[in-house]
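**Student:** sharing a model that was predicted from the sequence below.
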Amino acid sequence: MSVHFDWRLAPYDLLASRAHARVLHRAGLLDDTEVERILTALADLDHDAHNGVFRPAAEDEDVHTALERGLLERVGALGGKLRAGRSRNDQIATDLRLYLRDHVRQIVTRIAELESELMAQAERTIEAPAPGLTHMQHAQPIVFAHQLLAHVQAFARDVSRLQDWDVRASVSPLGSGALAGSSLPLDPDAVAKELGFARAAANSLDAVSDRDFAAEFLFAAALIGVHLSRLGEEVVLWATSEFRWVELDDAFSTGSSIMPQKKNPDVAELARGKAGRLIGDLTALLTVLKGLPLAYDRDLQEDKEPVFDAVDTLLLVLPAVSGMIATMTVDVDRLEATAADGYALATDVAELLVRRGVPFRDAHEAVGELVAYCAAKGLDLSEVDDDTLAAISEHLTPDVRGVLSVRGAVEARSAPGGTAPARVAEQLADLRDTVHRQLEWAGTA
Ligand code: ARG
């Protein structure tokens, strides 16, 4: 029994059935009247299934048997002719591909929306110096937009991965029958074309056994989950009273039932937590596929629930995260005030010495000594007097203070891909183009 979960494939099964009816007609296996009656009944069934007028019954094993019953109820024994030249094995493989190719476009649209919200926040923070962290320690100042766009880059790769996936998923198994193909004069290429696939499968055995498209989708979904979890984790941190980089909108945070002051970043935490579920879906399918002999085995029925779960999860989480990002307030003053904490401008002093011909190794050592002195005395780098500078290194002349500004430090990092606002603005413009093309690809631009 799988109808309780595979019923959602009904519209795709009916689409494939219509294509199959037409191919049987072209092969002379259904006459003009028969094909018309079947196509009308299938359209009627589609309508009724959509409105819940036709529903799977307790005795229906799966979506295919339920829909065959519906067809037989409408056209009688004639409906039985549709079974010619196909099997549930090639049907289910076709249905799942159709379902996924459709839903991947919905997922891409939701990713593009999230990218757009991150880009809108980036636009507002393109000139906002912020602490840049490595090892969760202050490292070098960046502009906050640079960090937000780093997440957009990851999501843009996710979309590109799904687009690559789509090229490989664009293969129609229909016509493979149970495993060996058909002796009837069917036209798998025509059916493939009608269903929007690039081509028909080259090997009927492979066509009914192959679930690479599902596994590959689940990997892409798991990686989207991982990316959402990394963004979620950052938002959780940013919203703490220790960081106070952002404030989340009330609609995207929840209170505590006991502590009246609490504002918990639940959406960010769920984004982090759902990654576990998506990785689980991938693991579940790979485990089913491992060691499975060709061709079809009923084990393959276990492909669907992980796929549906991953689709449902992404379609739920992506809009929630988009809303959270769209409504979050970034505290640019606090970001700027803390951007130079932790002697984050030390590299700038060292690089200034390098520009003056000092070997980086020596510069690193001198600035390291300067930082240690400041840490011991509780001073900022700019507060050290001239004599102390000179005592640490002859290269530490008073004018090194010129590079001790966060704005100067971010401006200076103007190499391609760097955090200089002008570079970040270019990056943002490129990403806007990319996201526009993603929406066009998904058919929603
Ligand atoms: N419900 C089955 C599945 O999901 C359809 C294919 C069953 N085919 C068979 N010969 N038992 O995989």
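**Tutor:** The structure has been received and is ready for your questions.

**Student:** does the longest helix anywhere in the chain reach the ligand?
**Tutor:** If you go by DSSP state H, the chain has its longest helix at helix 88-124. Yes. Judged by C-beta under 6 Å from any ligand atom, helix 88-124 comes into contact with the ligand at R88, N89, I92. Any C-beta I mention is one placed from the backbone N, CA and C, and that applies to glycine too.

**Student:** so which elements touch that helix?
**Tutor:** In terms of contacts (3 or more C-beta pairs under 8 Å, 6 or more residues apart in numbering; DSSP states H and E), helix 88-124 is packed against helix 10-26, helix 63-75, helix 144-169, strand 171-172, helix 204-209, helix 212-238, helix 304-327, helix 421-441.

**Student:** most neighbours, which of the residues of helix 88-124 next to the ligand?
**Tutor:** Greatest neighbour count in these, by other C-beta atoms under 10 Å, goes to I92: 25 neighbours.

**Student:** I'd assumed E61 was in contact with that one.
**Tutor:** No. Applying C-beta atoms under 8 Å as the test, I92 and E61 come out as separate, 11.8 Å apart.

**Student:** about what we covered before: list the buried residues in the longest helix of the chain.
**Tutor:** Across helix 88-124, burial judged by 16 or more other C-beta atoms under 10 Å covers 88-101, 103-119, 121-122.

**Student:** cool, stretch 9-23 as well?
**Tutor:** So for stretch 9-23, counting by 16+ other C-beta under 10 Å, buried means 9-10, 12-23.

**Student:** next one: stretch 37-52
**Tutor:** R37, I38, L39, A41, L42, D44, L45, D46, A49.

**Student:** again with stretch 249-269
**Tutor:** Within stretch 249-269, the residues that count as buried by 16+ other C-beta under 10 Å are F252, S253, K263, P265, D266, V267, A268, E269.

**Student:** check stretch 435-442 too.
**Tutor:** Buried residues in stretch 435-442, counted by 16+ other C-beta under 10 Å: V435, Q438, L439, W441, A442.

**Student:** could you do stretch 391-411 as well?
**Tutor:** Residues of stretch 391-411 classed as buried by neighbour count (16+ other C-beta under 10 Å): 392-393, 395-396, 400-401, 403-406, 409-411.

**Student:** show me the contacts for P173.
**Tutor:** Taking C-beta atoms under 8 Å, 6 or more residues apart in numbering, we find P173 in contact with D90, A93, T94, R97, A201, A207, V208, D210.

**Student:** could you do K290 as well?
**Tutor:** Going by C-beta under 8 Å, 6+ apart, the list of residues near K290 is empty.

**Student:** now do it against the ligand, distance only.
**Tutor:** Using C-beta to the nearest ligand atom, to the nearest Å, K290 is found at 17 Å from the ligand.

**Student:** right, I'll call it a day here.
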